[in-house]
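Asks: Could you work out the structure for the sequence below:
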Amino acid sequence: EPSAKCEVCEGPEELPVPLEHGLAWLQAYFSEPAVTESLPLPPFHHPLLLQDSFTRQVLWTLLRDVKLGEAVSYKQLAHLAGNSRAARAVGGAMRSNPIPIIIPCHRVICSSGRSGNYGGGNLMKEWLLSHEKLQKEKLAY
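Replies: Numbers count the residues shown, from 1 in each chain. Modelled structure (predicted):
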């Protein structure tokens, strides 16, 4: 619902600054997604994002190169990440994404234009794509 407002219950103590940043980012994403592009990313320190691996390369490439309202195929993302023959490995990277809204794996779709799988369920992926007003038919291959 566009008029829905995101609220957080106030507790007796304040949220740590990293959680405040994460909360602000998520509130912006769900109320007005375009605003997130001007916000700093919430801090995250997941080991998967720190180790040198193709998965890390794919996730950082997705975060950096596929903007709000865009979509990319698994094959295209493999190419962007440096191995155009690794589309299946991109699927594995999407499955292991530790922060799927912030690192937008819902923006990765099949070359055919189908949405493909999503850890939160296909209805959630379709909702996120719709929320960002993506036109999957415009996927440039």
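Asks: Going along the chain from the helix or strand of the chain with the lowest mean pLDDT, find the next helix or strand for me.
Replies: The least trusted helix or strand in the chain, going by mean pLDDT, DSSP states H and E, turns out to be helix 47-50, with a mean of 78. The helix or strand immediately downstream of helix 47-50 is helix 54-65, counting by DSSP states H and E.
Asks: Sheet-wise, list the partners of the next helix or strand after that next one with their directions.
Replies: Once the chain leaves helix 54-65, the next helix or strand it forms, by DSSP H and E, is strand 72-73. Next to strand 72-73 in the sheet, as set by DSSP bridges, lie strand 108-109 (parallel).
Asks: who's in contact with the helix or strand following the partner strand?
Replies: Per DSSP H and E, the first helix or strand lying C-terminal to strand 108-109 is helix 122-131. Residues external to helix 122-131 that are found in contact with it (Cβ atoms under 8 Å, 6 or more residues apart in numbering): 30, 33, 71, 101, 104, 106-107, 109, 115-118, 136. C-beta: built from backbone N, CA, C; applies to glycine.
Asks: returning to what we had before: list the buried residues for the least confident helix or strand of the chain?
Replies: L49 (16 or more other Cβ atoms under 10 Å).
Asks: Just the C-alpha atoms of stretch 107-122, please, in PDB.
Replies: Only the C-alpha atoms of stretch 107-122 are listed here, as PDB (Å, rounded to 0.1, in the frame of the first residue of the first chain):
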ATOM      1  CA  ARG A 107      17.000  -7.700  -9.900                       C
ATOM      2  CA  VAL A 108      18.700 -10.700 -11.400                       C
ATOM      3  CA  ILE A 109      16.300 -12.500 -13.800                       C
ATOM      4  CA  CYS A 110      16.500 -15.200 -16.500                       C
ATOM      5  CA  SER A 111      17.600 -14.300 -20.000                       C
ATOM      6  CA  SER A 112      14.100 -15.300 -21.200                       C
ATOM      7  CA  GLY A 113      12.600 -12.500 -19.100                       C
ATOM      8  CA  ARG A 114      11.100 -14.900 -16.500                       C
ATOM      9  CA  SER A 115      11.800 -13.700 -13.000                       C
ATOM     10  CA  GLY A 116      13.600 -16.900 -11.900                       C
ATOM     11  CA  ASN A 117      13.900 -18.100  -8.300                       C
ATOM     12  CA  TYR A 118      14.200 -16.000  -5.100                       C
ATOM     13  CA  GLY A 119      15.000 -17.100  -1.600                       C
ATOM     14  CA  GLY A 120      12.000 -15.100  -0.300                       C
ATOM     15  CA  GLY A 121       9.700 -16.800  -2.800                       C
ATOM     16  CA  ASN A 122       8.700 -15.900  -6.300                       C
END
